[in-house]
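Got a predicted structure plus its sequence, pasted below:
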Amino acid sequence: MSDVQHHHPAAGPAPHPDHDHHGADQDEHSHANHHGSHPATWASAASATLHCLTGCAIGEVLGMVIGTWLGWSAVATIALAVGLAFVFGYALSMRGVLRAGVGFKQALKVALAADTISITVMEIVDNGVMVVVPGAMEAGLASVLFWGALAFAFLVAFVVTVPVNKWLIGRGLGHAVAHAYHH
């Protein structure tokens, strides 16, 4: 029996069995996107980028703190920060996929597919900004210059990476891969 036959009058007008509840002017592709892959909107791209930025920021800050505390060179500190940005970025993606009941190996594959391009773009941009801001890398952890430059670097990386993620999501790549596992 259909939903129409079981409709209770107090619930309002019964849905027509041939009526698309998404709107008459919506095409089949949009309808498929609603039920399948994540739509490539600016909001979805910003959300994916913010998710990526969170992992990157944790790794970057931790790497900068550890490298500076150990007295490492700027190059070694950046290398550690970039490595940890990838580790934390992937770990955050894997967390959601693992919660969906996927095994560790498959969750890692999903995270690699979902975030590698986004993290790479973000790391190139934010570390590039840190290198070009005069004195930022040498300023030290107690410096407003260091933290201000890092915050600015994250902002620039976010702005540059959002369109990249929108493009990836629109092609079923990037964060769209992980979205299939989110509940």
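Sure thing, it's come through.

hey, let's count contacts and neighbours off CA atoms from now on
Fine.

Tell me where this protein is predicted with low confidence.
Scanning the chain for pLDDT under 70 picks out the ranges 1-38, 182-183.

Grab the most central residue of it for me.
Against the mean C-alpha coordinate of the chain, by C-alpha atoms, centre = their mean, the closest residue is A48 at 2.9 Å.

which element is that one on?
helix 42-69 (DSSP states H and E).

thinking again about what came up before, ok, the residue nearest to the centre of the chain - contacts?
Residues near A48 by C-alpha atoms under 8 Å, 6 or more residues apart in numbering: V162, N165, H175.

okay, those residues in TSV with secondary structure next?
Shown next, in TSV, are those (DSSP: H, G, I helix; E, B strand; the rest coil):
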residue	secondary structure
V162	helix
N165	helix
H175	helix
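
Let me know the closest of the residues you listed to R95.
Set against R95, the nearest of the contacts of A48 by C-alpha to C-alpha is H175 (13.7 Å).

Look at the closest one and say how many residues are nearby.
30 (other C-alpha atoms under 10 Å).

And Y181, by the same measure?
Y181 has 16 nearby residues by other C-alpha under 10 Å.

out of everything not next to it in sequence, what's closest to it?
Residue nearest to Y181 in three dimensions, not counting chain neighbours: V97, with 5.6 Å by C-alpha to C-alpha, 6 or more residues apart in numbering.

Where does the one you found fall, secondary structure wise?
Here V97, judged by DSSP H and E, is contained in helix 74-99.
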